[in-house]
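**Student:** The sequence isn't on hand, but the structure is:
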Ligand SMILES: Cc1ncc(COP(=O)(O)O)c(C=O)c1O
Ligand SMILES: Cc1ncc(COP(=O)(O)O)c(C=O)c1O
């Protein structure tokens, strides 16, 4: 063994690594977890990209950085990262900081593996069975199948692929050449991942037919029926309808039962994009919003959104037991050997379009185990309650105008009409002026770091705020803060 | 505020959460990190699926579990999880435990966000620029573009989608209907993700044309040339060649320069799947294996494999600056508002087919910063050195027969011929008997938990071991162990 080379830093520096971890842990717990979720601190310490680049020590070098330098760098990383667990972070469809979720995600990383086979992920394979089984019961797909995907967009693409495969099972082998133009139906308020998926799968975004919605942002079943007939008349072959359970901006729930009637009539796959709003299935009080879900063919449901699991956590469900496997499997011999000595039906990875698949289940499992199903339901009910409270509050506060009088989900969308624009005739110029309000207030809130709320235009509606209650720890006091803070930021506009 | 409801467990139990984390951290550090990487402990404590299900307390319930129960459950989870950081884990194309990587992944989770916009991921957006920029330099795509994907399979699918888009830019809008049959070339030793991608994109697995390899497992450029001409003659439209830099089983490097000549001749996109072997680009000594890479159009490179970053970490690179964005963007108004007050060119998420995108960069960045580029190169050189040492050792040890005399990567593939089969005529029955050796030895090693090494058949070759040196902390002593342990496990066969 004279030629042992000692190039190996880990041998020499394992203890240095533990020292680093031992210094980083209290820093993370204090600066990122405790201070990052404290209402007394800023949500964001904003710098423009080029300034931030100059401030941070993030360049890579030939030579190593020592633990002091790294700790200093990590401190900066925390300082300048957005505190998504902060009580006043309402910017995205995720937020909050569940410490059991964090714990589960840390354990996931400590056990770094891939969920393709029982061989290398024995515990997590079984845990997926348990957690997805529990969710399948809530979805009422008792004989269904499910898998975790790296995000809701991917889950929606699974739906597209399965739906297409069911219409044209040869497609897996022979591809789409020679097949007719296919099309997909989704509402004009649906998430853009349906279009991204259609582009990736070769369906084409022009073949994503946008069905009209009612003023509440819900797909109109009769319009769907007409759109399907029209597409057929044009020679396009419908393969799927995507209904949304909780749209991205307005939080609308498409009427599943009536849409299922239309899809049944046309023998069409009905997928439900519940990436955002699917979590109502946890609550007996709220699950009526998804009445008819048991009649659908598949569902996307992201625990990293409304259930507060750390990113990434998205699950895809289908009623059709064998389809994920039939549509996706490649039976690679180096991974899914059939002559293993244990029951290889537990090697579930071939149902995925991925190979390595991150363990996304453990963090959700720890949260669920720690709360219990009842408490989980109460938390979801809590954020709906907060959103209703905020809605009422804004209705009765000067300067606010709601986009929807009665939001169905926890998205509360509104315009803020600053003092100078109040009581004026609502001309095109006036709306044009209103459209500039949200970006300006947003700029101020980011610069001051007091809160984060998103805004966007939507169809004919000019820029409005989309306030999302995604943090299951939200309180009514947080809602009061939103109402008063936007007034404060915009009072001179 | 009389109607504040107190359903919120986080309010009541935040301190309970910190208590849990404070108990879990030392448990993880001791049981998962320290003990999990100790050569004196088992790599796996195996139980069959049904037994394991009975042993673990993983069922979800209506009522909460308390911290004691959760800690006990986590202890079990660690016990029964495979220790992928163990020095004798050689089962997959990942392994090892870099504490700086673990630290970076924990910090990622503590700052839970999504890399779609600078707005919610200011630091990580810049960090992606830095890390991917550094890698783009190594790839020699100075004006290229890059993005992290949830795994190498997805990265390979990006290549397929971009290559197809370059041939048929209208496809994004109009889909594939009416277009000719397309086809893709890859070697018969390439990873199955090319086929899974072809199925998902609607190209069809029958249109993945498997090009012959030489006895070393490398694509034969002349065979590629012929296959392209033959496919064209049949009326199929070639859209891409996939060359592999480090095949999954044998670790072969396809000759990029000669393949690039063929692709240039046919004006064909050349993608390189370096998911496994791409890390040689870090080393001046080893990068010659990928000579010609600068002539290729795109590359997949997984830091979670040979660079030892925790899962998931895969990057996709392309020479064509604007193509990722042109091919994938959907310009969603609620996320990628153009009237933001900062430079929106830093909002890079629309280049992805995903929406939410996990922060995969930080763990790699922490590792890279801690090591420096020079040390990173030495670590890659170390595992090549270990693999060469093992190869020589097995050549001179009774009972071993190598699949390749001179492996190009750190995969060392070999048969173990047990005493009872030595010196016999090598008939079909004899090979049939040899094919049963690896599964039996594998069973024993799993049950005893001393080591994990994979096996598989490959083409005409019956089951052989594929020993992978992926752990950058590997030592020559670990290699000696492999040689003696398989002998020990198989001596009575
Ligand atoms: C050569 C090659 N390419 C691609 C992949 C897929 O990478 P991932 O598992 O990250 O999807 C693998 C996985 O082993 C591989 O060996
Ligand atoms: C309704 C809906 N579906 C799907 C998605 C995509 O989910 P992901 O970001 O996990 O890809 C989103 C994201 O916001 C969404 O709002």
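**Tutor:** Thanks, I have it. Remember, it's a predicted structure, so these values are computed and weren't measured experimentally. Ligands and ions are numbered 1, 2, ... in the order given.
**Student:** Enumerate the residues of the stretch 151-300 of chain A near ligand 2.
**Tutor:** If contacts are counted using CB under 6 Å from any ligand atom, the residues of the stretch 151-300 of chain A sitting beside ligand 2 are A:151-153, A:156, A:191, A:193, A:244, A:247-248, A:273, A:275-276. Just so you know, the C-beta spots here come from the backbone N, C-alpha and C atoms, and that holds for glycine as well.
**Student:** Out of those, list just those in helices.
**Tutor:** Using DSSP state H, the members of those that fall in helices are A:152-153, A:156, A:193.
**Student:** Most neighbours among those, please name it.
**Tutor:** Going through these with other CB atoms under 10 Å in any protein chain shown as the criterion, the one with the most neighbours is residue A:156, at 31 neighbours.
**Student:** Wait, that one touches residue A:193, no?
**Tutor:** Yes. With contact defined as CB atoms under 8 Å, residue A:156 counts as touching residue A:193 (4.7 Å).
**Student:** anything in contact with each of the two?
**Tutor:** Taking CB atoms under 8 Å, 6 or more residues apart in numbering or on different chains as the contact criterion, the common neighbours of residue A:156 and residue A:193 are residue A:273.
**Student:** Any chance of CSV for the residues of the stretch 151-300 of chain A next to ligand 2, columns pLDDT?
**Tutor:** As requested, these are arranged in CSV below (pLDDT from 0 to 100):
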residue, pLDDT
A:151, 98
A:152, 98
A:153, 98
A:156, 98
A:191, 98
A:193, 98
A:244, 98
A:247, 98
A:248, 98
A:273, 98
A:275, 98
A:276, 98
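**Student:** In a strand, residue A:316, correct?
**Tutor:** Yes. Going by DSSP: H, G, I helix; E, B strand; the rest coil, the assignment for residue A:316 places it inside a strand.
**Student:** quick one: contacts for the residue in the stretch 101-250 of chain A that ligand 1 sits nearest to?
**Tutor:** Here the stretch 101-250 of chain A gets closest to ligand 1 at one residue, residue A:114, 6.9 Å apart by CB to the nearest ligand atom. Residues in contact with residue A:114 (CB under 8 Å, 6+ apart) are A:120-121, A:349, A:356-359, B:92, B:94, B:311.
**Student:** same question, residue A:64
**Tutor:** Applying CB under 8 Å, 6+ apart, the residues contacting residue A:64 are A:9, B:369-372, B:375.
**Student:** Report the contact partners of the nearest residue to it once chain neighbours are set aside.
**Tutor:** With CB to CB, 6 or more residues apart in numbering or on different chains as the criterion, residue A:64 has its nearest non-adjacent residue at 4.1 Å, and that residue is residue B:372. If a contact means CB under 8 Å, 6+ apart, then residue B:372 has A:60-65 as its contacts.
**Student:** Those residues: which ones sit near ligand 1?
**Tutor:** Answer for the contacts of residue B:372 near ligand 1: none qualify (CB under 6 Å from any ligand atom).
**Student:** And those, which of them are buried?
**Tutor:** Using 16 or more other CB atoms under 10 Å in any protein chain shown as the burial test, these include A:60, A:64-65 as buried.
**Student:** Could you tell me which residues make contact with the closest residue to ligand 2 within chain A?
**Tutor:** Each residue of chain A has a distance to ligand 2, by CB to the nearest ligand atom, and the smallest belongs to residue A:152, at 2.6 Å. By CB under 8 Å, 6+ apart, the contact list for residue A:152 reads A:191, A:193, A:273, A:275-276, A:300, A:302, A:305, A:314, B:355-356.
**Student:** again, but for residue A:17
**Tutor:** For residue A:17, the contact set (CB under 8 Å, 6+ apart) comprises A:10, B:98-100, B:103.
**Student:** Just give me the closest of the residues you listed to ligand 1.
**Tutor:** With CB to the nearest ligand atom as the yardstick, the closest approach to ligand 1 among the contacts of residue A:17 comes from residue B:98, at 17.4 Å.
**Student:** ok, for that closest one, nearest residue in space, not its chain neighbours?
**Tutor:** When the adjacent residues along the chain are set aside, residue B:98 lies closest to residue B:308, with 4.9 Å between them (CB to CB, 6+ apart).
**Student:** Repeat that for residue A:417.
**Tutor:** Nearest in space to residue A:417, with sequence neighbours left out and distances taken as CB to CB, 6+ apart, is residue A:399 at 5.3 Å.
**Student:** Double-check residue A:242 against residue A:195; I have them as touching.
**Tutor:** No. Counting by CB under 8 Å, no contact exists between residue A:242 and residue A:195, whose distance comes to 10.4 Å.
**Student:** if you count what's nearby, which of these two comes out ahead?
**Tutor:** residue A:242 (29 against 22).
**Student:** Show the contacting residues for that one.
**Tutor:** If a contact means CB under 8 Å, 6+ apart, then residue A:242 has A:156, A:159, A:184-187, A:190, A:194, A:271-273 as its contacts.
**Student:** what does residue A:268 give?
**Tutor:** Applying CB under 8 Å, 6+ apart to residue A:268 gives the contacts A:185, A:228, A:238-241, A:262.
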